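**Student:** Everything below, folded, please.
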Amino acid sequence: MEFIDLKKKARNEIGFDEPEYLKDSDDLLNIGAIELNPTQKVIFSVSSFKGKKYFDIRNWIETEAGEWAPTKKGVHLSFDKFEDFSKAVGVFAKVVELDK
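**Tutor:** A predicted model of the protein is given here:
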C-alpha cells in the first residue's frame, strides 16, 4: 500500500489523536504522544522514505521559541521489524504485570 493511502486509511479507521502541535507532511503521520513533563514528550509516528515505511518512537522537546523538536533519543525501525519489536514490548508488559 502506498503511504498516502495508508495515512488516509489510518485516519479513517483507527481512533487516535494526532498531536496538533506537530507539523504534518506527506511522508509523516503522528499518531500519539505521552507527556513526560511540560517541555518533553514521547511522540509516536509512522513515516515513509524512498518507498519504505517506518515507525518511530522519539523524545521531543519544546524549544525556547515554543516549537517542538525531535531529539536523538528514540527508535526508528522499518515496518518489517515491527513483529520483533512487538514481541519485545510484550515481554516488557509481562515484566510490568509481574510487578503488580
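
**Student:** Tell me where the chain has helices.
**Tutor:** 3-13, 82-98 (DSSP state H).

**Student:** which strands and helices sit next to the first one?
**Tutor:** Read that as helix 3-13. Packing partners of helix 3-13 (3 or more CB pairs under 8 Å, 6 or more residues apart in numbering; DSSP states H and E): strand 28-37, strand 40-49. All C-beta spots, glycine's among them, are computed from the backbone N, C-alpha and C.

**Student:** I61 is nearest to which of these?
**Tutor:** I61 lies closest, by CB to CB, to one member of the helices and strands packed on helix 3-13: strand 40-49, at 5.3 Å.

**Student:** Now do that closest one and strand 28-37, the angle between them.
**Tutor:** Strand 40-49 and strand 28-37 meet at an angle of 170 degrees, taking axes from the mean of the first three to the mean of the last three CA atoms, to 10 degrees as the criterion.

**Student:** Pull out the buried residues from stretch 66-84.
**Tutor:** Using 16 or more other CB atoms under 10 Å as the test for burial, stretch 66-84 gives W68.

**Student:** which residues sit against it?
**Tutor:** 19, 21-22, 41, 43, 52-63, 85 (CB atoms under 8 Å, 6 or more residues apart in numbering).

**Student:** again, but for stretch 21-33
**Tutor:** So stretch 21-33 is in contact with 3-4, 6-7, 10-11, 14, 16-19, 41-49, 60, 68, going by CB under 8 Å, 6+ apart.
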